[in-house]
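*Asks:* sharing a sequence plus its predicted fold:
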Amino acid sequence: MRAYVYNQPRELDPAQFADYLDLSRTAVLSIDMHRGHLDDSPDCPCPAPRARDVVAPIDAFHDEVRALGGRIVHVKSVVREGGADDIGGIPSAWRRTFPLHVGPIPNADAHAIEGSPWTEWVTRVEPGDLKVENKRRLSAFYPTDLDFLLRNQRIETVVLDGGFTDCCVLNTAFDANNRNYRVIVLQDLVRGTDEPLEQAALAMVSLHLGLVMTSADLLAVWRQRALNPSSKTLS
């Protein structure tokens with residue numbers, strides 16, 4: 001079984017991580033793959049252009065997960081119309097700090113407003129998928145009902161895809177770990193602010209929070225377990 005430790009590929013003994021690899025106790029969390037990040041319009045309120053190239057691969061991975069009987073939870077940022085829990089109250093810190101790096105974001109106040117086109121999904125959501133649509137800050141767990149949903153489904157492992165690797169994915173990975181979920185982050189299906197921050201976030205996950213794998217490697221393990229569920233010597 002291959003994983004990435006400090007961004008270097010390593011062959012691991014799958015028996016050592018058997019509890020991470022039980023698809024029946026796993027949910028894929030797909031984070032913030034909506035128009036507010038992915039639209040190519042100049043009005044996009046919080047653009048994440050590096051994530052546009054993983055839309056089709058994420059959809060393809062989700063199809064494979066569904067075919068294996070796995071569960072998918074789509075999570076997106078939505079704040080109340082009028083901004084009572086953001087720009088109309090105490091604004092999210094990124095609204096002040098991120099422009100110090102990227103420059104002014106002309107339509108930032110429109111980001112994630114409830115009922116706006118910017119909250120529409122870009123990746124495909126199928127019947128049977130689950131949704132969490134009230135992420136107000138950086139973590140998918142805060143202040144949403146995601147933890148309740150996962151525990152009610154008897155989920156023990158979360159697999160993360162989406163964006164930003166160094167922001168919402170990393171925050172979600174920390175929160176999941178602190179809640180005692182097992183964490184897998186898909187190296188090929190997350191995108192960060194830039195390459196250095198993406199690699200730094202993945203390195204932190206690999207050292208402190210869980211496994212970093214590619215979607216192909218994880219699917220291969222799941223398929224092998226499905227063929228031979230009693231095997232303890234998966235490769």
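*Replies:* Perfect, thanks for sending it. Because the structure is a prediction, the values reported are computed rather than measured. Residues are numbered from 1 along each chain as shown.
*Asks:* okay, now the unreliable bits of the protein?
*Replies:* Along the chain, the parts satisfying pLDDT under 70 run over 230-235.
*Asks:* can you show me the strands along it?
*Replies:* Remark: strands assigned in the chain by DSSP state E are 2-5, 8-11, 26-31, 71-77, 130-135, 157-163, 182-191, 210-213.
*Asks:* mind listing the helices for this structure?
*Replies:* Assignment of helices within the chain using DSSP state H yields the ranges 35-38, 55-67, 94-97, 99-102, 146-152, 170-178, 195-204, 215-227.
*Asks:* what helices or strands is the second one leaning on?
*Replies:* So the one you mean is helix 55-67. Judged by 3 or more C-beta pairs under 8 Å, 6 or more residues apart in numbering; DSSP states H and E, the packing partners of helix 55-67 are strand 26-31, strand 71-77, strand 157-163, strand 182-191, helix 215-227. To be clear about C-beta, it is placed using only N, CA and C from the backbone, and glycine gets the same treatment.
*Asks:* so how many other residues sit close to residue 153?
*Replies:* With neighbours defined by other C-beta atoms under 10 Å, the count for residue 153 comes to 14.
*Asks:* check residue 75 too.
*Replies:* For residue 75, the count of nearby residues is 26 (other C-beta under 10 Å).
*Asks:* same check, this time on residue 4
*Replies:* Residue 4: 20 surrounding residues under other C-beta under 10 Å.
*Asks:* what bridges to the nearest residue to residue 145 once chain neighbours are set aside?
*Replies:* Nearest in space to residue 145, with sequence neighbours left out and distances taken as C-beta to C-beta, 6 or more residues apart in numbering, is residue 132 at 6.9 Å. The residues listed as beta-bridge partners of residue 132 by DSSP bridges are residue 75.
*Asks:* I'd guessed residue 132 sits against residue 78; true?
*Replies:* No - with contacts defined as C-beta atoms under 8 Å, residue 132 does not count as touching residue 78, sitting 9.5 Å away.
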